[in-house]
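> Model the following, please.
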Amino acid sequence: MRVSTEPQGAIVALAPIDPSTGEPSHEPAAVIRPRGTTPLTVLLKPGEYFVEAVLRDDKGDVDFAEDYRTVIQADLLTAERRKLNLRSGEEEAIQLQRIRIPHTKEVVADMVANKN
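So this is what the prediction gives:
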């Protein structure tokens, strides 16, 4: 499974979603924390995942994104999608949708303080 972010260079954690509760697993051993930074390859079982991507800049400021992703069984991938993946230079048959990490300064610039 190929995991990528925009911008690249993030560390990620993937928590499987418990099908009975619909919530991310709270078991520390269940959370997958691949070594290295994006883009990276990780082995994942088919299922739903809560993904957190964290990116630190040179000054130590932190930007992050949290999102849900679905990993499908490899045999459900269409032949057309396999060809597109290979054409884009990826050896892996399955890629997670790229995770966009917004700059925190951009996000908070549009926020308004609630004094209540």
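> can we go C-alpha only for contacts and neighbour counts from here?
Fine.
> Helix or strand for the residue nearest the centre of the chain, just tell me which one.
In the chain, the residue lying closest to the centroid (Cα atoms, centre = their mean) is Val51, at 4.5 Å. Per DSSP states H and E, Val51 falls inside strand 47-56.
> where's that strand relative to the chain centroid, distance-wise?
Mean C-alpha position of strand 47-56 versus that of the full chain (Cα atoms, centre = their mean, to the nearest Å) differs by 4 Å.
> And for stretch 104-111?
Here stretch 104-111 shows a centroid-to-chain-centroid distance of 21 Å under the convention Cα atoms, centre = their mean.
> What's the first helix or strand after the worst-scoring helix or strand of the chain on mean pLDDT?
Every helix and strand of the chain was ranked by mean pLDDT, DSSP states H and E. The lowest is helix 79-87, at a mean of 67. Next along the chain after helix 79-87, taking DSSP H and E as the criterion, comes strand 99-100.
> what comes up buried for the strand holding Val51?
Of the residues in strand 47-56, Glu48, Tyr49, Phe50, Val51, Glu52, Ala53, Val54, Leu55 count as buried by neighbour count, 16 or more other Cα atoms under 10 Å.
> Can you add pLDDT and give those residues back as JSON lines?
Below are the buried residues of strand 47-56 laid out as JSON lines (pLDDT from 0 to 100):
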{"residue": "Glu48", "pLDDT": "93"}
{"residue": "Tyr49", "pLDDT": "94"}
{"residue": "Phe50", "pLDDT": "95"}
{"residue": "Val51", "pLDDT": "94"}
{"residue": "Glu52", "pLDDT": "95"}
{"residue": "Ala53", "pLDDT": "95"}
{"residue": "Val54", "pLDDT": "95"}
{"residue": "Leu55", "pLDDT": "94"}
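> now those as a markdown table including distance to Phe64?
Compiled in a markdown table, the buried residues of strand 47-56 are given as follows (distance: Cα to Cα, whole Å):
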| residue | distance to Phe64 |
| --- | --- |
| Glu48 | 20 |
| Tyr49 | 16 |
| Phe50 | 13 |
| Val51 | 10 |
| Glu52 | 7 |
| Ala53 | 5 |
| Val54 | 4 |
| Leu55 | 6 |
